[in-house]
Each structure stands twice: as C-alpha cells, then as structure tokens.
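Colleague: have a look at this prediction, sequence included:
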Amino acid sequence: MKKLVKNNVYWIGKMDWELVSFHGADYSINHGSSQNAYLITEEKTVLIDTVWKPHSVEFVNNLESEVDLNKIDFIIMNHGEVDHSGSLPTLMGKIPNTPIYCTANAVKSLTGQYHHPEWNYKVVKTGDSVDIGNGKKLVFVEMRMLHWPDSMATFMTKDNILFSNDAFGQHYAVEELFNDKADTCLLWAEALKYYANILNPFSQLVKKKIDEITALNLSIDIIAPSHGAIWRDNPLEIIEKYYEWSQNYQQDQITIAYDTMWEGTMQIAHKIGEEISRLSPNTKVKIFNISKTDKNDIMTEIFKSKAIAVGSPTVGQSLLSSVGGWLDFLKELKFKNKKAAVFGCYGWSGESTKVLRERLNDAGFEVVGPEIKCNWNMIEEDYQKVTEVANALCE
Ligand code: FEO
C-alpha cells in the first residue's frame, strides 16, 4: 500500500516493525525502523530508492499493485547500500531497461553488489536535473560521505521535497509517516542516536554540506529521508540540529563506562561519579557497564559528553575483551574535543590503565594526567586519586 506524502508523491517503502539490529549487529533497533522508498506520479513516473533484500518480493508486488511497472520512466538510486538497493535485482528482472539515475560511485557500489554492469545507468552530479513534467524537476545534490561516497539527495521543485536518503533519518518506525505524528521524545532521541552512531565521523562534511545546501536557497517544505519519520512540521529544525551536532557538540555531561571482573573497577566507577557530582552539582553524570549496556546508547551519551572516564581491570596484561572491542567502536566514531580519564583494578601486573590511555589517545581523546590504578580494592590513597580525576574531568 502506498501512502500519500504530498500531491503526486507517495511513500512506498517497508515499515519494518520486526527489525532488531542494523549494520549486522552494530546498531540496535528498539522501536522498529523503516526503509523509505518513494513513488512520484507526475507526467513521468519515478521511483526513488527501494528496500532491503529480504523484503524485495513484497516490495515489488506492492509496487506492481500501485503502478504498471512498465510505466516507471526511471529509478533514482540515492545510495547503493543494500537497505535501499536490495530490491533492485528483483525489480530490474521485470523492467531491465529502465534508466537508473545515480552518482558515478553508486554505479560502482551497485555493480559490485549485483553484478549487472549492463543496467541502464545515468550518472548524475550536483546541479544536474531531470524534468518530470507538470513544470516540476528533480535536482540532484551529491552527498559524498554522508555517509558513503556514493550518497546523494534529490530535490523536487514546486513540491519542495528534499529526498535526503540516510541524512536526517532515524531508525524509528512511524506508521503514520510524519514527524508531527511521532512521539516527539522518541523521534529526537532516535535522530540523535542515528547521528552519534552513524554520521558523527563525517561531522566536518555535514557542516560543509549544510552550508552548500543553504547557499542553494532551496525552499524546503518536506525532508523525506530513507529511514524513519518524514519531516513536514518545521522541517528545517532537523537541519539546524545537524548543524549544531556537527560542531563538536557537547553538554555539561560526563559519562563513565567500565567493565569489571569482581566489582573492584565498578566501585571506582561509582566513586568517580559521586565525586564529579559533589564537585560540580550541575554536571550530568551517567555510568554504564560496557558489557551490560547497549553500545549505541553509551556512544550516544558520549556524543553528548564533554568528558568521559573509561575503566577496565587488568586481564592478561591488557583489558577485558568487552572493553577492548568497545574501544574499537569508540575510535570509529571519531569524537573530538573531549577529555578522558582512565581507571582500573589489578592484582598482579597492572597494565590496564596504560593500555586504556594509549587506546583513548589513539581514539582522539585528550587523556588527563591523573588516573586510578588500584591494587586489589580501594584504599585511602585511591580515594584521593578519585578526587584528582574528577577535578581534571570537571575543569
Ligand atoms: Fe540506510 Fe547507508 O543506508
């Protein structure tokens, strides 16, 4: 079933209430998600994007029930990742000569995945446009590295709809489609989680791209992303938020993340939290056990933080493996302008704080001098170090 977006523009995607993870298991889905595809029926009939491969038969059947597939004049692939292109082979099996408008890099990603170099690709770049009749055009804007080199957005004139693909999306299912129908708290929490866990590494490009889009002076009435709610009520708000988030965003918050074997390192984590609260009562403090907490939720809190503390006991002259893997993900997200402190218990050799220091430096954090390296369980001297660490993080 298609759903009306505006005039002759329809949503024809997959409302994916059953999805529980994304990017393999790298992104948790807690409130469903959607893969948004759009059907435009002006003088030309145009499909923008498809849906993930497991839903390809359902998608093509649904599309076929709404429109004669042979009447689709062309397809726009804003991005080649499989959640948007996965139904293309099934669809192209039925209409093999249909032109596919996409970037040069999308030809590479689509050909690499589906092995159909003979598909009728029409390569476009920023500023190119195509007439769809009734005085309307689709204008293409390359969105390189937001978040793949092949990404682009498509702007529909007159109706003033920006089909932004992944940018401005959320992994959040809104059956009624629009942001004004969504639960506002969840919507913004999911938009922030999406930015922190997917787009943050490209923040400098986000700012540049928003400057570029602003300079185009487009009158945007609707932002229709490829995941989650469509922004029709105050659509520019999400652009303003992205602009703010892209500039080393932080609140007065300190996040403490740790794992523990016999609760010694956990005890230090809680003492640091208490001390920060005592020294700086207005600072928000959040404490998470890395092996018991969704890593995307912790990263979202780190995104909001001005400083973090990370703890692990020494195991095998290094870290608990939960913390080691977590630090890999932390590095990928390329957080900037944040302080970090390290802590951990040990019984014998005591390398964990040194390893944590190296790994956090490598992840782009400014690691403060004081640390808590606690032999067995805390003694008076360690409590003094807690104050030094809390002070260094609050400064
Ligand atoms: Fe929603 Fe980059 O795919």
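Modeller: Noted; the coordinates are in hand.
Colleague: find the closest residue to the ligand in this structure.
Modeller: Using C-beta to the nearest ligand atom, the single residue of the chain nearest to the ligand is Glu81, 3.6 Å away. The C-beta positions use only the backbone N, C-alpha and C, and glycine is treated the same way.
Colleague: in the stretch 1-150 of the chain, which spans are strands?
Modeller: According to DSSP state E, counting those that start in this stretch, the stretch 1-150 of the chain carries its strands in the segments 3-6, 9-11, 14-16, 21-22, 27-28, 33-35, 38-41, 45-48, 74-76, 100-102, 121-123, 129-133, 136-142.
Colleague: those strands into CSV, with extra columns for distance to Ser291, mean neighbour count and mean pLDDT?
Modeller: Shown next, in CSV, are these (distance: least, C-beta to C-beta, whole Å; neighbours: other C-beta atoms under 10 Å; pLDDT from 0 to 100):
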stretch, distance to Ser291, mean neighbour count, mean pLDDT
strand 3-6, 41, 16, 98
strand 9-11, 39, 20, 98
strand 14-16, 28, 21, 98
strand 21-22, 17, 16, 96
strand 27-28, 15, 16, 98
strand 33-35, 25, 27, 98
strand 38-41, 41, 22, 98
strand 45-48, 41, 23, 98
strand 74-76, 43, 22, 98
strand 100-102, 41, 23, 98
strand 121-123, 46, 15, 98
strand 129-133, 51, 16, 98
strand 136-142, 41, 20, 97
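Colleague: about what we covered before: show the contacting residues for the residue of the chain closest to the ligand.
Modeller: For Glu81, the contacting residues are 109, 148, 166, by C-beta atoms under 8 Å, 6 or more residues apart in numbering.
Colleague: show me where the stretch 201-350 of the chain has its strands.
Modeller: Going by DSSP E, counting those that start in this stretch, the stretch 201-350 of the chain shows strands at 222-225, 253-258, 284-289, 307-311, 339-346.
Colleague: which of those sits most buried?
Modeller: Mean neighbour count (mean count of other C-beta atoms under 10 Å) peaks for strand 307-311 among the strands of the stretch 201-350 of the chain, with a mean of 29.
Colleague: who touches that one?
Modeller: So strand 307-311 is contacted by 254-260, 265, 268-269, 272, 302, 323, 327, 338-344, 356, 360, 365, 372, 389, 393-394 (C-beta under 8 Å, 6+ apart).
Colleague: what's the mean pLDDT across that strand?
Modeller: Across strand 307-311, pLDDT averages out at 98.
Colleague: note down every partner strand of that strand and its orientation.
Modeller: Paired strands of strand 307-311, with direction, are strand 253-258 (parallel), strand 339-346 (parallel) (DSSP bridges).
Colleague: let's have those strands in a markdown table, adding distance to the ligand and mean pLDDT.
Modeller: Converted to a markdown table, the strands paired with strand 307-311 look like this (distance: least, C-beta to the nearest ligand atom, whole Å; pLDDT from 0 to 100):
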| stretch | distance to the ligand | mean pLDDT |
| --- | --- | --- |
| strand 253-258 | 27 | 98 |
| strand 339-346 | 29 | 98 |
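Colleague: rebuild the ones you listed as CSV, extending it with distance to Ser33.
Modeller: Formatted as CSV, the strands paired with strand 307-311 follow (distance: least, C-beta to C-beta, whole Å):
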stretch, distance to Ser33
strand 253-258, 25
strand 339-346, 32
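Colleague: which of the ones you listed sits closest to Tyr243?
Modeller: When the strands paired with strand 307-311 are compared by C-beta to C-beta, strand 253-258 sits nearest Tyr243, at 20.3 Å.
Colleague: ok, for Gly80, nearest residue in space, not its chain neighbours?
Modeller: Closest residue to Gly80 apart from its sequence neighbours, by C-beta to C-beta, 6 or more residues apart in numbering: Ser109 at 3.2 Å.
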